[in-house]
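Asker: Give the three-dimensional model of this entry:
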Amino acid sequence: MATDVFALLEHSGWTRFHCLGYSMGGMIAQQLMLLLQGRDDFSCLRMGLLSTTPKGGWGGFAGDYHALVSGDVEMTKEKRNSLVKHLLDVNFTPDFCEKNRKVVDAEGARSMRFRKPANIIAQQLEAIATFDLAHQIHRIAVPTLVVHGTDDGVVPFQGGVRIAKSIPNARFVALQDVGHLTYLMDSGETARLFEGFFAGTDSADKYCPRTGEAKL
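Answerer: Numbers count the residues shown, from 1 in each chain. Coordinates of the predicted model:
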């Protein structure tokens, strides 16, 4: 999929750009940075990575969700409802679900509007589970900000820590008590962090580079 993004960059004539990747999109962003290495005709100025990892796996969410959808081509309404509930449970946190029922229900209703076939979901999960750039991302030289919720039930928090420790001089911010859907749980903090980072106005003393810790 990184080659698809590159094709879009070429088609659009975007030779200098910022890149922000969330979850699986963050995996693609890492691949894109490695794909562009050694080229002088394209330049990523800054990269943001949110709730992502340098290495997938079948444990936890990916394995559980794949077991629910594999083998099915069409899903009944009842099964789709069950899957949406499962997704909400792991994407938010129990405490957030209890205190923000309207937000959770609205996200559930939005998810129900999608009609992605189960076999396509299974293929996406297989791509995520087999993804592995853990031993390559140290070659990424793009200024990078990594943001990750400490209670992420989809992509483990340590995935973000590992990225920040591997990419030279990467900055890392831990969002306390926040799950995978950071942008719905953090009162706008994720947006403020990346807006400042891409604008070059972020405060460097907010971050502890390469340590997996953050001063927030």
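
Asker: following the lengthiest helix in the chain, which helix or strand comes up?
Answerer: Determined from DSSP state H, the single longest helix within the chain is helix 77-91. Note on helix 77-91: by DSSP states H and E, the next helix or strand toward the C-terminus is helix 94-99.

Asker: Could you list the residues in contact with that following helix?
Answerer: 88-89, 103-104, 177, 179, 185 (Cβ atoms under 8 Å, 6 or more residues apart in numbering). Backbone N, C-alpha and C define where each C-beta goes, glycine included.

Asker: Mind picking the two most distant members of those?
Answerer: Farthest apart among those by Cβ to Cβ are Leu88 and Asp177. That separation is 16.9 Å.

Asker: Give me the more crowded residue out of those two.
Answerer: Leu88 (16 against 12; other Cβ atoms under 10 Å).

Asker: Now do the contacts for the spatially most central residue of the chain.
Answerer: In the chain, the centroid-proximal residue (Cα atoms, centre = their mean) is Ser23; its distance is 1.8 Å. Contact analysis of Ser23 by Cβ under 8 Å, 6+ apart lists 50-52, 154-155, 180.

Asker: Also Gly108?
Answerer: Taking Cβ under 8 Å, 6+ apart, we find Gly108 in contact with 84-85, 88.

Asker: per-residue confidence at it?
Answerer: pLDDT for Gly108: 84.

Asker: same question, the one 4 residues further on
Answerer: Note for Met112: predicted pLDDT of 73.

Asker: Any idea how many residues pack against the residue nearest to it when sequence neighbours are not counted?
Answerer: Using Cβ to Cβ, 6 or more residues apart in numbering and skipping residues adjacent in sequence, the residue nearest Met112 is Val84, 5.9 Å away. By the criterion of other Cβ under 10 Å, Val84 has 17 neighbours.

Asker: quick one: Val84 and Phe114 touch, right?
Answerer: No - taking contacts as Cβ atoms under 8 Å, Val84 lies outside contact range of Phe114: 9.5 Å.

Asker: Please point out which parts of the helix or strand hosting Val104 sit buried.
Answerer: Per DSSP H and E: Val104 is located in helix 101-112. For helix 101-112, the buried set under the neighbour-count rule, 16 or more other Cβ atoms under 10 Å, comprises 104, 107.

Asker: orientation of it relative to helix 77-91 in degrees?
Answerer: Angle of helix 101-112 versus helix 77-91, following axes from the mean of the first three to the mean of the last three Cα atoms, to 10 degrees, is 130 degrees.

Asker: Which is the succeeding secondary structure element to helix 101-112?
Answerer: Next along from helix 101-112, by DSSP H and E: helix 118-129.
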